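K.L.:
Sequence and predicted structure are below.
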2 protein chains.
Amino acid sequence: MSALNEMQFLLRDVFQLEDSWQASERFADYTAELGDAILSEADKFAREALAPINRSGDEEGCRLEADGVHTPTGFVEAWAAFSAGGWPSMAGDPAWGGQGMPKALSVMADELFYSANSSFMLYSTLSVGAALCIDAHGSEQLKETYLPALYEGRWAGVMDLTEPHAGSDLGLLRTKAQDLGNGEYAIEGNKMFITGGDQDMTENVIHLVLARLEGAPAGYRGISLFLVPKFHVNADGSLGDKNAVTVGSIEHKMGINASATCVVNFDGAKGYLVGEANRGLQAMFTMMNYERLSIGVQGLASGVASYDAAMNYAAERKQGSVGGELAAINRHADVKRMLLTMRVLADAGRALAVYAAHCLDSSKSEDSTEMAQRAALLTPVVKAFLTDQGFESCVIGQQVFGGHGYVREWGQEQWVRDARIAQIYEGTNGIQAQDLVKRKVCVDDARALKAMLNDFLKTTPDEPFTLAAQQFVALSEEMVAILAEHPGREGAISVDYLHALGYLSYYHFLLRMVAAAQGDDLSERQRRLAFFEMRIFPRFNALLTSIKAGLTVDL
Amino acid sequence: MSALNEMQFLLRDVFQLEDSWQASERFADYTAELGDAILSEADKFAREALAPINRSGDEEGCRLEADGVHTPTGFVEAWAAFSAGGWPSMAGDPAWGGQGMPKALSVMADELFYSANSSFMLYSTLSVGAALCIDAHGSEQLKETYLPALYEGRWAGVMDLTEPHAGSDLGLLRTKAQDLGNGEYAIEGNKMFITGGDQDMTENVIHLVLARLEGAPAGYRGISLFLVPKFHVNADGSLGDKNAVTVGSIEHKMGINASATCVVNFDGAKGYLVGEANRGLQAMFTMMNYERLSIGVQGLASGVASYDAAMNYAAERKQGSVGGELAAINRHADVKRMLLTMRVLADAGRALAVYAAHCLDSSKSEDSTEMAQRAALLTPVVKAFLTDQGFESCVIGQQVFGGHGYVREWGQEQWVRDARIAQIYEGTNGIQAQDLVKRKVCVDDARALKAMLNDFLKTTPDEPFTLAAQQFVALSEEMVAILAEHPGREGAISVDYLHALGYLSYYHFLLRMVAAAQGDDLSERQRRLAFFEMRIFPRFNALLTSIKAGLTVDL
């Protein structure tokens, strides 16, 4: 598919983003035309600069030497070009040199970059998130010192959360921060699984570190956030000595081999408090909600890359006969089924991601609590459902290649390996599902959910969709009531619940895309919608049955 | 789980295999006690000799040097011990030194070996299949010359089918065989994806090669099977010169890195016809049906290995609180759900594999056409469903580990990479599904299917199962009628159809295991059955809906 055409269709015809942007002060500089131009440039850069170093980066991987982490051949040059193109500043605050781009637009650029080179794009996603967090919670001095260099891509930001004994449960973390009394803190502890924890592409690496101040309460309420630079920064912005931050090792992983996953040791490293003491997790979540959308898009993008390759392969590879003659395998029904499955998952997933990002944008530009709640509701769905479906798409795309899908040479298996991590990091998909059920649906008796589904029903009032949405609302109400009585049960059904909401949302967006389409494009979209209704959406009812049964017992 | 206990339960309580064995001439030497002893030995060997070289074999991989393929450190010694233990002769013909073991028993040994080291076990599976094919179709001279050495493990057999342009469609293959007039043939051509195409563990490698005789008809009807040894064999059984068989390269793959996947070139290599001219595919299928059961078991075994590791990890890893205190993650409902899912898929998958193998055994020992048809019906289901579900289990088992599941050090991601190939080779799962629909169900108007389901209903007449089986029969009859009118549609629904039959069979076997259980074991099995009914089996209805819809249109 041309992802670019799909994006332009969403931007202009499905969501008419320009209208919202122009109506707001925040995004008034953005037009559909500018959006198209940005995405075209992103597509060009992705194809020309990032895709060519994707497989070589996987084969070569990162290596740790005495002077730190070295990225694979070509990454240093690609990052320089990426920075020169202004891509690290897309989402940045204009007050400090950022472009203030709507997230609805930048997630689409994210997709183009991720579908060319997931490992490379991770360095950017983490850095953008760190900058966002500093912008939202840091002092003016921290912003002035760090944001311009982060936006320019001269420095990169990372987040340091996980410790060996504290992964999904950050309340267990032990890294300590000692107040040195001069606005500085000494950080002591060991972090692991730090994506981009070091690299040789930027002059400095800015760590956002979760740690405990002396005397802080135990658990989640005693965690603060600190900014810890790899190199100290002098008053004039130049770099000083190296801080006491070292990389102990890098992980050897299933995939994303060109993304350095580091053990980072802080040995009395000097750092600065970001936001309020003991409110570090809240500050970190500002960044994580944005990043979770981007990680959902990583899953989507992997599936799209796999789909494009599978489409090309299936058009070329001839096996078996159709109508008595040797035929390309894309003429065989089972291959058509696989390609159509990948296609509808990609189309609908992209629409959901853009919609969620647009809700986030609207919550800012309109200062809308309702849109903020909706974005919060959809964030775990985008993160988990798009990565689960993206992984499924990558597996299907590998199957289309047959044996060639299993050998490294063709690159198709790399998408499977690279996409797999997106279901795990940034909060496992199980954690996302519990976040959805507990903190996004049960918390307000499903009000935000019902408001969203009402909006969906207004836009796409088709009968089978209406029935499905009503069933889902009824189930949600039942679930809220049962979980109030049996709070231990949410874990047993939350993944199924998130998937059910995912399929329901996909159905809505596919209907909405049909409603916005015209001509030949309309008939193609109707065909794909019919395939989804007949062949994919039956899973929704199976999930509803499973959830209902799961709510009746303790596992 | 203790796979060994599960196997003994199946052997003694569920299928009472001893009764069948003792009633037959062919397997009269086998008792339940002997079965237990063999499985205990296999388990011990798997743990002590194969598991320790599983991850190192993955890291090191195979390498091609001037003298051929070198397997990773420890494989040569492991193969020697495997041979000394008599394992390559399990299924072999007693007339030539084999043990004539029932397949129902040897598939369980296969599982134990596969769940310790899939790459290693592949060398054995291919060799056993080749020996079976020689035994069934070769001349007395070929049997005398080759079978004893294959059973002793001094030599290993492999199958050479795929060519670059001929994978799923073997009718396209081009390798040529020239009749030299003295009972010898000169083989000329290039094969690829040859599992175990060369190695340094055995003195000789015996290739079974599909090729075309001069003047043979085009397509499937002009393919013959030839035995082509790597080293010529002298009249006294000693090895002569090297034959014109060379390995051009080995593939770099997603997984099974310790299994050499070779490009094999035949440059006028001398070979011998196996079976009748132009009947090579039929001869090869003798072997493939046995191998497909074993490859299904590879999928199962990968899931079992991943499950065992996940169980251990979840019991040790503490994150989050249950009842106000820090708890091992196996106390969290979402993790329980994941572990239970893996467990029921493993329990039921093993039972299905053993049942299918027992049908194959009965078809021989009782000379029963009905059992032969049933084994043929179940072969694609075992191959495809167990590998699909096995892969799903490996992915779930990786998820239980969180971030640690993604790093190579823990070994959990290797099962995902290794299991993935089983859905592709030995006929992709899409090909298996079409085989099921066309050649196993439609071919006799679903008679063999209905006979099997009738037997299932007699054994487990529970109400919801009966309803589901009746629905499946009705759907199958409808499908047969529609496909008679619209023969192009089977590809669109065959994968869903195979999965539906898979879930239905799993349901039957879980019921059957509950019926055979006692005491504490009974209540545990009832709990797992209830989980399956509530949380997994709803997928069956979704598949039925999808199949019905899929039959109404051409994709």
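P.N.:
Cool, the structure landed.

K.L.:
Show me what secondary structure element comes after the helix or strand containing A:Cys262.
P.N.:
Per DSSP states H and E: A:Cys262 is located in strand A:261-274. The helix or strand immediately downstream of strand A:261-274 is helix A:280-316, counting by DSSP H and E.

K.L.:
Packing partners of the very next helix or strand once past that following helix?
P.N.:
Following helix A:280-316 in sequence order, the next helix or strand is strand A:318-322 (DSSP H and E). Packing contacts for strand A:318-322, counted by 3 or more C-beta pairs under 8 Å, 6 or more residues apart in numbering or on different chains; DSSP states H and E, involve strand A:325-328. All C-beta atoms are positioned from the backbone trio N, CA, C, and that covers glycine.

K.L.:
got the buried residues for stretch A:145-160?
P.N.:
A:145-153, A:155-160 (16 or more other C-beta atoms under 10 Å in any protein chain shown).

K.L.:
sec struct for A:Arg174, please.
P.N.:
Following DSSP: H, G, I helix; E, B strand; the rest coil, A:Arg174 is assigned to coil.

K.L.:
wait, it sits on A:Leu210?
P.N.:
No - here A:Arg174 does not reach A:Leu210: they are 10.4 Å apart, not a contact under C-beta atoms under 8 Å.

K.L.:
Looking at the two, which is more packed in?
P.N.:
A:Leu210 (24 against 13; other C-beta atoms under 10 Å in any protein chain shown).

K.L.:
Would you verify that that one is located in a helix?
P.N.:
No - assigned with three-state DSSP, A:Leu210 falls outside any helix and is strand.

K.L.:
Output the below-cut-off pLDDT ranges for the stretch 451-555 of chain A.
P.N.:
Applying pLDDT under 70 to the stretch 451-555 of chain A picks out no residues at all.

K.L.:
I meant to write chain A there.
P.N.:
For chain A, no range has pLDDT under 70.

K.L.:
Of all the residues in the stretch 1-150 of chain A, which one is nearest chain B?
P.N.:
As assessed by C-beta to the nearest C-beta, chain B sits closest to A:Glu59 within the stretch 1-150 of chain A, at 8.7 Å.

K.L.:
Equivalent analysis for the stretch 51-200 of chain A, please.
P.N.:
Counting by C-beta to the nearest C-beta, the stretch 51-200 of chain A gets nearest chain B through A:Asp169, at 3.9 Å.

K.L.:
give me the number of residues near that residue?
P.N.:
By other C-beta under 10 Å, 19 other residues sit near A:Asp169.

K.L.:
separation between it and B:Gly402?
P.N.:
According to C-beta to C-beta, to the nearest Å, A:Asp169 and B:Gly402 sit 10 Å apart.

K.L.:
surely the residue of the stretch 51-200 of chain A closest to chain B meets B:Ala327?
P.N.:
No - if you go by C-beta under 8 Å, A:Asp169 and B:Ala327 don't touch, sitting 9.8 Å apart.

K.L.:
Spell out which residues are contacts of both of those two.
P.N.:
Between them, A:Asp169 and B:Ala327 share these contacting residues under C-beta atoms under 8 Å, 6 or more residues apart in numbering or on different chains: B:319-320.

K.L.:
So A:Gly349 versus B:Gly405, what's the distance?
P.N.:
Relative to B:Gly405, A:Gly349 is positioned 24 Å away (C-beta to C-beta).

K.L.:
and the residue lying closest to A:Thr31 once chain neighbours are set aside, what is it in contact with?
P.N.:
Spatially, and ignoring its direct neighbours in sequence, A:Thr31 is nearest to A:Glu18 (5.5 Å; C-beta to C-beta, 6 or more residues apart in numbering or on different chains). Contact partners of A:Glu18, counting by C-beta under 8 Å, 6+ apart, are A:11-12, A:30-32, A:35.

K.L.:
can you map out the strands along chain A?
P.N.:
For chain A, applying DSSP state E gives strands covering A:63-65, A:68-70, A:155-160, A:176-179, A:185-195, A:204-213, A:224-229, A:231-233, A:239-242, A:245-250, A:261-274, A:318-322, A:325-328.

K.L.:
Of those, which stretch is the most buried?
P.N.:
strand A:155-160 (a mean of 27; mean count of other C-beta atoms under 10 Å in any protein chain shown).

K.L.:
Take that one, keep the C-alpha atoms, and write them as PDB.
P.N.:
Extracted as PDB, the C-alpha positions of strand A:155-160 are listed here (Å, rounded to 0.1, in the frame of the first residue of the first chain):
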ATOM      1  CA  TRP A 155      21.700  15.600  22.400                       C
ATOM      2  CA  ALA A 156      19.300  12.800  23.000                       C
ATOM      3  CA  GLY A 157      17.100  12.000  26.000                       C
ATOM      4  CA  VAL A 158      16.300   8.600  27.500                       C
ATOM      5  CA  MET A 159      14.200   7.300  30.400                       C
ATOM      6  CA  ASP A 160      15.700   5.200  33.200                       C
END
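
K.L.:
neighbouring strands for that strand, and are they parallel or not?
P.N.:
Paired neighbours of strand A:155-160 in the sheet (DSSP bridges): strand A:204-213 (parallel).

K.L.:
by how many degrees do the partner strand and strand A:261-274 diverge?
P.N.:
Between strand A:204-213 and strand A:261-274, the angle comes out at 70 degrees (axes from the mean of the first three to the mean of the last three C-alpha atoms, to 10 degrees).

K.L.:
tilt between strand A:204-213 and helix A:280-316?
P.N.:
Using the same axes, to 10 degrees, strand A:204-213 lies at 130 degrees relative to helix A:280-316.

K.L.:
Could you find the closest non-adjacent residue to A:Asp179?
P.N.:
Using C-beta to C-beta, 6+ apart and skipping the chain neighbours, the partner closest in space to A:Asp179 is A:Tyr185 (5.8 Å).

K.L.:
got a list of what the one you found touches?
P.N.:
A:177-179, A:211, A:213, A:226, A:270-273.

K.L.:
how does it look with 7 Å?
P.N.:
Neighbouring residues of A:Tyr185 by C-beta atoms under 7 Å, 6 or more residues apart in numbering or on different chains: A:177-179, A:226, A:271-273.

K.L.:
So what pairs up with it in the strands?
P.N.:
For A:Tyr185, the beta-bridge partners under DSSP bridges are A:Asp179, A:Gly271.

K.L.:
need the contact list for the residue nearest in space to the middle of chain A.
P.N.:
Central residue of chain A (C-alpha atoms, centre = their mean): A:Ile295, 1.7 Å from the mean position. Residues in contact with A:Ile295 (C-beta under 7 Å, 6+ apart) are A:383, A:387, A:422, A:426.

K.L.:
distance of the first one from chain B?
P.N.:
Separation of A:Lys383 from chain B (C-beta to the nearest C-beta, to the nearest Å) stands at 14 Å.
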